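Peer 1: next input, structure requested:
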Amino acid sequence: MGPFDILSEQHRALEERLEALVSEEGGPEDAEERTRELAALIRLHGRLEERHLQPLILRFEGRDRAREELEDHLTLGELAEELEEFTPGGPEWLARLTALEDLLVAHVQEEEAALFPRIATCLNAREGEELLRALESSREALGGLWGSSPGGRPVLDAPRWGP
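Peer 2: So this is what the prediction gives:
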């Protein structure tokens, strides 16, 4: 398993939760819970990428590209937060869901098709192994990717721009 496989696995989990909302799987009574789960996973995944991937983007692709990645994460987080504020199935909720789906799909495709392969070619073997260990450690500490350690303390720091 390579270091980017972990992030790709998380992308699949995000896509599955998003598809469950888009397809209205489970009915409207479950939509609020599924919305909360998706929003939590988006926030967590964003923090994980910001912690482990962002320094590599900055190093190998420069500030502008790193800023674009952070802006995507910020927008995804804001859309997820807004999605939680509206009634599932309502017009505002559906508009946010559509925007979130469009951005998430484009973001994931760009990362997996272009960004991950470019960064992988820039890493030496030791750096690749260190990245894999760091991502595995974070994934294990998060216990299923939900953002807190067994003691209830956050595993990842809040984003620099947030509270």
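Peer 1: in contact with the most centrally placed residue in the chain: list those residues for me.
Peer 2: Nearest to the centroid of the C-alpha atoms of the chain, with distances taken as Cα atoms, centre = their mean, sits His45, at 3.1 Å. Neighbour list for His45: 7, 10-11, 14, 145 [criterion: Cβ atoms under 8 Å, 6 or more residues apart in numbering]. In this view, the C-beta of every residue, glycine as well, is placed from N, C-alpha and C.
Peer 1: rerun that using 10 Å as the cut-off
Peer 2: When the contact criterion is Cβ atoms under 10 Å, 6 or more residues apart in numbering, the partners of His45 are 7, 10-11, 13-14, 73, 76-77, 104, 145, 147.
Peer 1: kindly state the pLDDT recorded for it?
Peer 2: What the model reports for His45 is a pLDDT of 91.
Peer 1: could you tell me how far it is located from Glu9?
Peer 2: The spacing between His45 and Glu9, counted by Cβ to Cβ, to the nearest Å, is 10 Å.
Peer 1: repeat for Gly128
Peer 2: For Gly128 relative to Glu9 (Cβ to Cβ), the value is 17 Å.
Peer 1: what of Phe116?
Peer 2: As defined by Cβ to Cβ, Phe116 lies at a distance of 12 Å from Glu9.
Peer 1: and what of Ala31?
Peer 2: Between Ala31 and Glu9 the computed distance is 25 Å (Cβ to Cβ).
Peer 1: more neighbours: the two, which one.
Peer 2: Residue environment comparison for Ala31 versus Glu9 gives the larger neighbour count to Ala31, 20 against 13, counting by other Cβ atoms under 10 Å.
Peer 1: ramachandran angles for that one?
Peer 2: Per-residue torsions, Ala31: phi -60, psi -40 (degrees, to the nearest 10).
Peer 1: this completes my enquiry, with thanks.
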